[in-house]
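Enquirer: quick one: sequence plus predicted model below, questions after.
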Amino acid sequence: MNLVKTSTALALVAALAAPAMAADEINFYGKANLGLQVSDEGGESETEVKSNASRVGVTGNLKVSDSLSVVYKAEVQVEMTDDDKDNIKGRNQYIGLKGNFGTVLVGRNDTMLKQSQGKIDLFSDYEADIKNLWKGENRMGEAVTYVSPKFANFSAGLTYVAEGDKDQNAKNDGDAGVSAAVFYGDKKLKKSQWYASVAMDSEVEGIDAMRFNVATKLGGFKLGAIVHSQEVVASGEETTGFLFSAAYKVNDFTLKGQLQTSEEDYGDKAEKSAFTAGVDYALAKNAKIFAFYTAFDLDEDVSGDEDASYLATGFEYKF
């Protein structure tokens, strides 16, 4: 029932917004990504149909003057295969101002650390998403975000997380969190041959973290690398790791591979890794068939986590 109500509401918003699109630059968009997946976790195998971060949303840009605009975004994730009535959850949802001074946003938003990796994680929203081995992929609710204009291809960003938006298990309630980053180039590598960034979190979800990210185009390849470190504020437990990714396009096919590691520098010092190989076939500019295989080596004897593997194929359509 909730899904019906939400879908109806979104349809009404889109209908009411249509006449104003030219003046206010309102855009309704979405993505449906569904796949058939064979999951093997701890030696137990099952087949499932998965919705991989399918979503709908609306963005807007209201021009107040030649140098100032009101911008907003309201996006929700729809679990298209979930029987639960609560199959909708919030994603980035904010309002703010954009001008010569940069952009200021208030509301739920990805932190600068999360944004800093750009498009290097080739399997974001799938089983191999980097959040499964590393901390720092945070979308914070009570946040204020600032992104500067670009100067000589450089820009900077800052996320301030208010004290009210704290993980109950973080054990550092009462402290605000800060996430900051410096960027160079274009995340999608369409306007520049190189992209690089450095980012850090301070007491965001109880974690201090730092990342160095770099991506480039080399011949027909897109290559990316990340060096990551994190520390639990309350306990001092440290984890380090790296990621390498590569994509190569052949006609309508894109071949992809990715390796991620995580080494826990405390206790029994467990070493974990994830390897993924995949392929996308473009049906159109906004539609594709995908397939991937992911294998996690989680150092069972030390960490206690069980190894896992995933084989999947499915469809994606963006509108």
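Expert: Ah, there it is.

Enquirer: can we go C-alpha only for contacts and neighbour counts from here?
Expert: Fine.

Enquirer: show me the helices in the protein, by range?
Expert: Secondary structure of the chain, counting by DSSP state H: helices at 2-17, 21-24, 112-116, 300-303.

Enquirer: between the ones you listed, which gets the lowest average pLDDT?
Expert: Among the helices of the chain, helix 2-17 carries the lowest mean pLDDT, a mean of 44.

Enquirer: contact partners for residue 72?
Expert: The neighbourhood of residue 72, defined by CA atoms under 8 Å, 6 or more residues apart in numbering, consists of 59-61, 93-96.

Enquirer: partner residues bridging the closest residue to it other than its chain neighbours?
Expert: Nearest non-adjacent residue to residue 72, counting by CA to CA, 6 or more residues apart in numbering: residue 95, 4.1 Å away. Beta-bridge pairing of residue 95 under DSSP bridges involves residue 72, residue 106.

Enquirer: can you give me every residue that contacts residue 95?
Expert: Contacts of residue 95 by CA under 8 Å, 6+ apart are 70-73, 105-107.

Enquirer: now for the residues you listed: which two are most distant?
Expert: Longest distance between any two of the contacts of residue 95 is 13.9 Å, between 70 and 107; criterion CA to CA.

Enquirer: next, the contact list for residue 287, please.
Expert: Residue 287 sits in contact with 315-318, where contact means CA under 8 Å, 6+ apart.

Enquirer: find the nearest non-adjacent residue to residue 296, please.
Expert: Closest to residue 296 by CA to CA, 6+ apart is residue 274, at 4.4 Å.

Enquirer: please tell me how far that neighbour sits from residue 37.
Expert: Computed as CA to CA, to the nearest Å, the residue 274 to residue 37 distance reads 17 Å.

Enquirer: which one of those two has more residues nearby?
Expert: Here residue 274 and residue 37 are set side by side on neighbour count (other CA atoms under 10 Å), and the busier one is residue 274, at 24 against 19.

Enquirer: tell me where the model's unsure across the stretch 101-250 of the chain.
Expert: 165-174 (pLDDT under 70).

Enquirer: from the contacts of residue 95, which single one is nearest residue 28?
Expert: For the contacts of residue 95, the nearest to residue 28 is residue 73 (10.0 Å; CA to CA).

Enquirer: which residues does the residue nearest to the closest one when sequence neighbours are not counted bridge with?
Expert: Spatial nearest neighbour of residue 73, chain neighbours left out: residue 59 (4.4 Å); criterion: CA to CA, 6+ apart. Taking DSSP bridges as the rule, residue 59 bridges to residue 27, residue 73.

Enquirer: ok so, going back, residues contacting the residue nearest to residue 296?
Expert: 128, 259-261, 294-297.

Enquirer: any chance of these in JSON lines, with distance to residue 237 and neighbour count too?
Expert: Below are the contacts of residue 274 laid out as JSON lines (distance: CA to CA, whole Å; neighbours: other CA atoms under 10 Å):
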{"residue": "128", "distance to residue 237": "23", "neighbour count": "26"}
{"residue": "259", "distance to residue 237": "23", "neighbour count": "20"}
{"residue": "260", "distance to residue 237": "20", "neighbour count": "24"}
{"residue": "261", "distance to residue 237": "17", "neighbour count": "22"}
{"residue": "294", "distance to residue 237": "27", "neighbour count": "22"}
{"residue": "295", "distance to residue 237": "25", "neighbour count": "19"}
{"residue": "296", "distance to residue 237": "22", "neighbour count": "22"}
{"residue": "297", "distance to residue 237": "21", "neighbour count": "16"}
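
Enquirer: and the two most separated of the residues you listed?
Expert: For the contacts of residue 274, the farthest-apart pair by CA to CA is 261 and 294; their separation is 13.3 Å.

Enquirer: any chance you could map the strands in the stretch 1-150 of the chain?
Expert: Ranges of strands in the stretch 1-150 of the chain, per DSSP state E, counting those that start in this stretch, are 27-41, 44-51, 55-65, 68-78, 88-99, 102-110, 139-147.

Enquirer: the longest one to strand 55-65, inter-axis angle?
Expert: Strand 27-41 and strand 55-65 are oriented at 150 degrees to each other (axes from the mean of the first three to the mean of the last three CA atoms, to 10 degrees).

Enquirer: also the last one?
Expert: Direction vectors for strand 139-147 and strand 55-65, defined by the same axes, to 10 degrees, enclose an angle of 30 degrees.

Enquirer: ok, and what's touching strand 139-147?
Expert: Outside strand 139-147, the residues within contact range by CA under 8 Å, 6+ apart are 91-92, 102-111, 155-162, 164-165.
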